[in-house]
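Enquirer: sequence first, then the predicted structure:
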Amino acid sequence: MGRRSDPVVPVGAAVNVFSNVPFPTFEELTLRRPTRLWIAFACAVVCGSIGTATFLLRPDSTTYTTRLTSLMRLSVPRVPCLVEPLAPIVDAEAAAFENGIGGIAPGVDTADLTSGTARALARFEHVVTTAGGTLTITSAYRPPAYQQHLQAVWDKWMNELRDNHEQQCEELRTRVGREFAHHRLLETQRPVNVSDHTRGLAFDAAVVLPKPARPRARLLSLDKLARLCSLRRPDVLHDPVHFRLASARRGRSV
């Protein structure tokens, strides 16, 4: 076979030094090979877009800094407390109790006790005071709606918040804990639907009797003084402040 001859290069044409092949002329690009022109144009557009994006995302670019600042300001969404707050009190009478209207002490209603319980309470106060002691009534008659509120406070604290130490529930836990203490509720006793209080047959009182003057003198018995006034404490161990009319039928104390 004969030796392959080199291509003929027109005079004045640009030559590719690596392949010894002439570059296409402008006329060839525009008239004879339009496809190549479009390819070159597309490459130019893509390269220009990449350059523009690179400029905008440079660390010293104002746009880059603005976007970075916006990202830094974004905070992780806070998980809400999954424990529902206490339901508001809608009953007018229960709301009056909650706000401390009337009675010997805030939220205490002795006017709606039964006549027998009211007379026994008056005698009991007189006996304790005569013996040199003090008596402070903390609860007496309670309307049923207010009793339900006490139930809700007890359930919310004991069942959902007492052992709940999640940060998102901290505010609700503090608020319900204060209300639990404000109502002087006992962790060992859940308020019942119908009690001696809702029937007007009982009251809660903190009684302090004086110590005997002589070392060997007999202490005054609180229960004995209560029996003299037709009162009794049905559950001294779990509810020592609860006094009920002795002649009343047996019911729930809390």
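Expert: Okay, I see it.

Enquirer: in stretch 138-157, what's buried?
Expert: Judged by neighbour count using 16 or more other CB atoms under 10 Å, the buried positions of stretch 138-157 are 138-154, 156-157. Placement of C-beta: from N, CA and C, glycine included.

Enquirer: apologies, that question was intended for stretch 108-121.
Expert: Residues of stretch 108-121 classed as buried under the neighbour-count rule (16+ other CB under 10 Å) are Val108, Asp109, Thr110, Leu113, Thr117, Ala118, Ala120, Leu121.

Enquirer: of the residues you listed, which belong to helices?
Expert: Secondary structure from DSSP state H places Thr117, Ala118, Ala120, Leu121 of the buried residues of stretch 108-121 in helices.

Enquirer: got the contact list for the last one?
Expert: Spelled out, it's Leu121. Leu121 sits next to Thr110, Leu113, Ile137, Ala140, Phe203, Cys229, Leu231, Phe243 when contact means CB atoms under 8 Å, 6 or more residues apart in numbering.

Enquirer: also the second one?
Expert: The contact partners of Ala118, taken as CB under 8 Å, 6+ apart, are Thr110.

Enquirer: that older thread, now, among the buried residues of stretch 108-121, which is nearest to Glu179?
Expert: In terms of CB to CB, no member of the buried residues of stretch 108-121 lies closer to Glu179 than Val108, at 16.6 Å.

Enquirer: now do the closest one against His183, distance only.
Expert: 12 Å (CB to CB, to the nearest Å).

Enquirer: tell me the one of the buried residues of stretch 108-121 nearest Leu172?
Expert: In terms of CB to CB, no member of the buried residues of stretch 108-121 lies closer to Leu172 than Val108, at 27.3 Å.

Enquirer: which SS class is Arg199?
Expert: coil (DSSP: H, G, I helix; E, B strand; the rest coil).

Enquirer: go ahead and confirm Val176 touches Lys156.
Expert: Yes - look at Val176 against Lys156 with CB atoms under 8 Å: they come within range, at 5.2 Å.

Enquirer: overlap of the contact sets of those two?
Expert: Residues touching both Val176 and Lys156 by CB under 8 Å, 6+ apart: Leu86.
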